[in-house]
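In: Okay, sequence plus prediction incoming.
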Amino acid sequence: MRRTVPVILLAVALAGTTACTKTKSGGDAGDSSGPVKIGLVTKTDTNPYFVKLRESAKAHAQEKGAELIAVAGKFDGDNEGQVAAIENLVQQGVKGIMITPSNSTGILGALKQAKEKGVLVIALDTETDPKDAVDATYATNNVTAGELQGKYVKATLGSTAPKLLMMDGTPGGTVDEQRHRGFLQGMGLKDGDPAILGTAPTNGDQNKAQAAMENLLQRDSSVNAVYTLNEPAARGAVAALTAKGLAGKVAVGSIDGGCQGVADVKAGKYLATVMQFPKKMAEQGVDAVVSFAKDGKKPTGFIDTGAQLITDKPLAGLDSKDTTWGAQNCWG
């Protein structure tokens, strides 16, 4: 019978640093003879995507008899908070750290120090720069995900020339740049192309995306296509388009594949989303740390956990699944 382990959620203030949130599952953190301790550092603890990743890691750690200590930045881009979290986890004696880095270069020093102390370091969802700053990465190929969104939007427009607005993420973010680049590749465009009417950072936040889209529409409302970094950004963009009477007149795509996002596609709020698999990332990361604790073997390289286009309006030449499949597999 699997032992039921209580879960505690509390706020942690790390001395002289940004506050983070922390979730613990498993045995006594101070007991070196107890379960394998695994650290998880996500960008935020409010974005549904990272909530799913954390919950999946926690559940799988419990199944493996390990202890998960989950910490998150206060916001997407909270680099100082993530650095402080890494240092704190090392002090707690974790065997491995899994991280979704807010800034792929800003945490390199902290990761190097962790590795020097014998901690296995794994990136989830987001690559570091350079890639070998971590032992291994379990993630979506975000260029591919962006490209799938771009190809679908382009195919939807057909022979109509694109008039594009882009809801980007956090300036300097690895995932943000990769998805942006992939989308433009899928559309057959480059940065600076006159077909791009405007771009705006949203930090992947719904409210910021809505405000950004409202501002862009005030300048030019002739838009017929919208790129969105993720589904919260898509919901914000669609809210602004709806208020302008443009709902259903603009080809909007997204990336995430959360259950709410699949429901949004089914409801026609946006045409398609590209599904990621954070549960798979989290579980494979936990397995790697548990294995490392047993035999010292480290995973290496980039492990692509997949991406799947979800839409109820399939187009020739593009592999897709409908929202029924999406609802059964969302963030699996």
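Out: Ah, there it is.
In: doesn't Ile38 fall inside a strand?
Out: Yes - Ile38 sits within a strand when classified using DSSP: H, G, I helix; E, B strand; the rest coil.
In: From what I see, it and Val94 are in contact.
Out: Yes - the pair Ile38 / Val94 is scored as a contact, 6.1 Å apart, by C-beta atoms under 8 Å. All C-beta spots, glycine's among them, are computed from the backbone N, C-alpha and C.
In: show me where pLDDT drops low in the protein?
Out: 1-33 (pLDDT under 70).
In: Angles on the backbone of the residue positioned nearest the centre of it, please.
Out: For the chain, the residue sitting closest to the mean C-alpha position, by C-alpha atoms, centre = their mean, is Asp125 at 5.5 Å. Dihedral pair for Asp125: phi 70, psi -40, per degrees, to the nearest 10.
In: Tell me which residues touch it, please.
Out: 49, 53, 100, 138-140, 175, 276, 278, 281 (C-beta atoms under 8 Å, 6 or more residues apart in numbering).
In: Just give me the closest of the residues you listed to Gly258.
Out: Tyr49 (6.4 Å; C-beta to C-beta).
In: Surely the closest one and Gly258 touch.
Out: Yes - under the criterion of C-beta under 8 Å, Tyr49 makes contact with Gly258 at 6.4 Å.
In: shared neighbours, those two?
Out: Trp331.
In: The spatially closest residue to Phe277 that is not a sequence neighbour: neighbouring residues, count only.
Out: Distances taken as C-beta to C-beta, 6 or more residues apart in numbering put Thr305 closest to Phe277, at 4.9 Å, once the chain neighbours are dropped. A count of nearby residues for Thr305, using other C-beta atoms under 10 Å, gives 22.
In: Torsion angles phi and psi at Thr305?
Out: Residue torsions, per degrees, to the nearest 10, at Thr305 are phi -90, psi 10.
In: Could you pull up the residues touching it?
Out: Contacts of Thr305 (C-beta under 8 Å, 6+ apart): 138-140, 276-277, 280-281, 284.
In: Likewise for Thr105?
Out: Thr105 makes contact with 128-129, according to C-beta under 8 Å, 6+ apart.
In: And it, how close does it get to Ala123?
Out: Relative to Ala123, Thr105 is positioned 13 Å away (C-beta to C-beta, to the nearest Å).
In: Asn141 too?
Out: 13 Å.
In: who has more neighbours, these two?
Out: Ala123 (27 against 18).
In: That one belongs to a helix?
Out: No - using three-state DSSP, the secondary structure at Ala123 is strand, not a helix.
In: Make sure it is actually in contact with Thr100.
Out: Yes - with contacts counted by C-beta under 8 Å, Ala123 reaches Thr100, the gap being 7.3 Å.
In: and the contacts of Asp125 as TSV, adding distance to Ala225 and secondary structure?
Out: Below are those laid out as TSV (distance: C-beta to C-beta, whole Å; DSSP: H, G, I helix; E, B strand; the rest coil):
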residue	distance to Ala225	secondary structure
Tyr49	24	helix
Leu53	30	helix
Thr100	29	coil
Tyr138	32	strand
Ala139	27	strand
Thr140	22	coil
Val175	21	helix
Gln276	22	coil
Pro278	27	helix
Met281	30	helix
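In: Can you say which of those are buried?
Out: 49, 53, 100, 138-140, 175, 276, 278, 281 (16 or more other C-beta atoms under 10 Å).
In: Got phi/psi on Ile99?
Out: Residue torsions, per degrees, to the nearest 10, at Ile99 are phi -140, psi 140.
In: Any idea what the nearest residue to it once chain neighbours are set aside is bridged to?
Out: Closest residue to Ile99 apart from its sequence neighbours, by C-beta to C-beta, 6+ apart: Val41 at 4.3 Å. Beta-bridge pairing of Val41 under DSSP bridges involves Val71, Ile99.
In: Look up how far Ile255 lies from Val41.
Out: 22 Å.
In: name the element Thr324 belongs to?
Out: In this structure, Thr324 sits in helix 323-329 according to DSSP states H and E.
In: Show me which residues of that helix are buried.
Out: Going by 16+ other C-beta under 10 Å, helix 323-329 has these buried residues: 323, 326, 329.
In: Looking at those residues, which is nearest Gln218?
Out: Thr323 (32.9 Å).
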